[in-house]
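> Let me see the structure of the following:
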Amino acid sequence: MLTKIYSSAVFGIDASTITVEVNIGKGVGYHLVGLPDNAIRESNFRISAALQNNGYKVPGKKITINMAPADMRKEGSAYDLTLAIGVLHASEQLQTEKLDDYIIMGELSLDGSLQPIKGALPIAIQAQKDGFKGFILPKDNAQEAAIVNGLEVYGMDNLLEVIGFLEGKNEVAPFRVDSQAYFATESAMPIHDFSEVKGQESIKRAMEIAAAGGHNIILIGPPGAGKTMLAKRLPSILPPMSLDEALETTKIHSVVGKVQNQGLVAQRPFRNPHHSSSDIALVGGGSYPQPGEISLAHNGVLFLDELPEFKRGVLEVMRQPLEDREVTISRARFTVTYPCSFMLVASMNPSPSGYFNEPGAPVTSTPAEMQRYLNRISGPLLDRIDIHIEVTPVPFEKLSDDRRGEPSALIRERVTQARDIQTQRFKTQESLHYNAQMGPKQISEYCALDQTAKNLLKDAMERLNLSARAYDRILKVSRTIADLEAVKDISPSHIAEAIQYRSLDRDGWLG
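Take a look at the predicted model:
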């Protein structure tokens, strides 16, 4: 008997429906075709044990299973439940007319219980697009998949529960999530708050500007100055995610199995990879390409602590994704593209000893040692970081002050208002959303200066020996400062403040 049953394959952050054809005929054997990987080839052992332990059996006949389209590679153990139900129906141990209505996926344990799968959200989205009535999957993934409206999602605990549902012997209520209400509840303020940071008012100001314009920022300072503490609080002042952004971010996390019971990712991601990370861990890849840290930070913040300690080759592979805001991973027979629109926040010590070259420092390094340390970061990478800011230690008087600083909620309001101005400015340009994304054409159009501002910028570039690459960055940052003040024209004061945020471009910064 021939049976058709439906599942799905995740490719990048999108899914494609897979038709699984199971034919049982004369002879003996088990043949699985359609480019399955090793995990799928091994499924017959898991399926056989699960069926036997639940009162069913694999028929002692010739079983041929085709996973179509046959030229698309399938991977993972999520097809166990699909194949088991197909074998049961083809061998007439399962009587049902419902197989055409559902996508069925899940990993089987030997006792028949269902283990969670990866990519439940993109699979549910594709199932809804393809007109399926529902999606049967492990209960741990139900909340994640139920975000999709117009699709009945049935979370199951074990194989017997799935069989009973398909045969109509037991009623199972679909798992329902009000995505709008859930999103509103989960998108509350993050745990970390800027009010907990003592002192560092100038650094808070720089981070507010970075958040308002989507600018990448690097913090340079000695150990204990508060670089990591400040970076962890940056998501708390970014504008709340929209529902579309939350769905796109959740799809990426779903592909690597980091959602499950969490449901919708409503908070902006904060990723903090260790400096020993490989280039594949950072940008993604592998034999079956998976998203890397830069994609997991999509719509959020990527924090690279101790930037010079990362391998130079690892940092260099970030250059194109920082510019294009997506990363394409190519293999011999296919390519996969993952989005990676994130804010880069980096921190570093000013020297191998960890301190600036100044008289009061516990340990000092020579200017030559500091220069060699800084040269571990390439110029092209620094060129993609708009704001460079020096972080100095907080004096005792401010550390011991009991007064709390300005809360993140107030800073977020100002940042959101500035972002709204930019959204309105770039509404006719699909790929532009905030100032950091402006190219030469937009800079020329939206960053016009009066003669006084031009003279100030010219004088600063000549006297401080600013590099040519600092010019566009200063204009972008000054545009953001003007947006925070809700003014149309860039004034000399905006230019003057933006010039302060180019420390690493100044000749003589190391003394």
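> residue ranges of the strands in the stretch 301-450 of the chain, please?
Assigned by DSSP state E, counting those that start in this stretch, the stretch 301-450 of the chain shows strands spanning 301-304, 326-330, 335-339, 343-348, 387-390.
> and the first one, which strands flank it?
Spelled out, it's strand 301-304. Applying DSSP bridges, strand 301-304 is found paired with strand 270-271 (parallel), strand 343-348 (parallel).
> okay, these, which one's buried deepest?
Compared across the strands paired with strand 301-304, strand 343-348 shows the largest average neighbour count, a mean of 24 (mean count of other CB atoms under 10 Å). Glycine gets a C-beta too; all of them are placed from N, C-alpha and C.
> tell me the mean pLDDT over it?
Averaging pLDDT along strand 343-348 gives 94.
> who touches it?
210-211, 214-221, 227-228, 231, 234, 238, 300-308, 318, 322, 377, 384-385 (CB atoms under 8 Å, 6 or more residues apart in numbering).
> Distance to Asn44 added to the strands paired with strand 301-304, as CSV?
Formatted as CSV, the strands paired with strand 301-304 follow (distance: least, CB to CB, whole Å):
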stretch, distance to Asn44
strand 270-271, 38
strand 343-348, 47
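> Of all those strands, which one is nearest Glu201?
strand 343-348 (18.3 Å; CB to CB).
> what separates the closest one from the chain centre, distance-wise?
Here strand 343-348 is found 16 Å from its chain centre; the criterion is CA atoms, centre = their mean, to the nearest Å.
> Report the contact partners of Gly292.
Ile280, Ala281, Leu282, Val283, Gly284, Gly285, Val327, Tyr338.
> Who does Val20 form a beta bridge with?
Under the criterion used (DSSP bridges), Val20 bridges to Ile5, Met67.
> okay, now it: neighbour count?
By other CB atoms under 10 Å, 23 other residues sit near Val20.
> Likewise for Gly199?
The burial count for Gly199: 18, using other CB under 10 Å.
> can you pull the pLDDT of it?
83.
> again, but for the one 4 residues further on
At Ile203, the predicted lDDT confidence score is 92.
> How about Ala184?
66.
> Show me the domain layout of this protein.
Listed domain ranges for the chain are 2-177, 186-505 (source: automatic domain parsing).
> rank those domains by pLDDT, which is bottom?
Looking over these, mean pLDDT reaches its minimum on domain 186-505, with a mean of 88.
> these two touch, right, Asn66 and Val33?
Yes - here Asn66 lies in contact with Val33, judged by CB atoms under 8 Å, at a distance of 5.4 Å.
> So if I had to pick from those two, which one is more boxed in?
Taking neighbours as other CB under 10 Å, Asn66 and Val33 compare with Asn66 leading, 16 against 12.
> give me every residue that touches the residue lying closest to that one once chain neighbours are set aside.
Here the nearest residue to Asn66 in space, its sequence neighbours aside, is Glu21; by CB to CB, 6 or more residues apart in numbering that works out to 4.5 Å. Glu21 sits next to Leu2, Thr3, Lys4, Ile65, Asn66, Ala68 when contact means CB under 8 Å, 6+ apart.
> if I pick the residue nearest to the last one when sequence neighbours are not counted, what's in contact with it?
Closest residue to Ala68 apart from its sequence neighbours, by CB to CB, 6+ apart: Thr19 at 4.6 Å. By CB under 8 Å, 6+ apart, Thr19 lies in contact with Lys4, Ile5, Tyr6, Met67, Ala68.
> Neighbour count added to these, as a markdown table?
Below are those laid out as a markdown table (neighbours: other CB atoms under 10 Å):
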| residue | neighbour count |
| --- | --- |
| Lys4 | 16 |
| Ile5 | 25 |
| Tyr6 | 21 |
| Met67 | 23 |
| Ala68 | 14 |
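> of all those residues, which comes closest to Gly155?
Closest approach between the contacts of Thr19 and Gly155, by CB to CB: Tyr6, at 17.9 Å.
> mind checking how far the closest one is from Val33?
Counting by CB to CB, to the nearest Å, the separation of Tyr6 from Val33 is 17 Å.
> same deal with Leu432?
Taking CB to CB, one finds Leu432 at 47 Å from Val33.
> Then Leu137?
On the measure of CB to CB, Leu137 and Val33 end up 25 Å apart.
> and if you look at Leu247?
35 Å.
> Could you do Asn299 as well?
40 Å.
> Run a quick neighbour tally on Leu466.
Using other CB under 10 Å, the number of residues around Leu466 comes to 19.
> hang on, it packs against Arg502?
Yes - counting by CB under 8 Å, Arg502 is a contact partner of Leu466 at 6.2 Å.
> Now for the two: what residues contact both?
Common neighbours of Leu466 and Arg502 are listed as Ile474 (criterion: CB under 8 Å, 6+ apart).
> in terms of contact, does Ala361 touch Pro222 like I think?
Yes - when contacts are counted by CB under 8 Å, Ala361 is listed as touching Pro222 (7.4 Å).
> shared neighbours, those two?
Common neighbours of Ala361 and Pro222 (criterion: CB under 8 Å, 6+ apart): Tyr355.
> Compare those two and say which is more crowded by neighbours.
Pro222 (20 against 15).
> before we move on, what SS does the more buried one have?
Applying DSSP: H, G, I helix; E, B strand; the rest coil to Pro222 yields a three-state assignment of coil.
> quick one, what contacts the closest residue to it other than its chain neighbours?
Leaving aside its sequence neighbours, Pro222 sits nearest to Tyr355 (CB to CB, 6+ apart; 4.6 Å). If you count contacts by CB under 8 Å, 6+ apart, Tyr355 has them with Pro222, Asn349, Ala361, Pro362, Val363, Thr364, Ser365.
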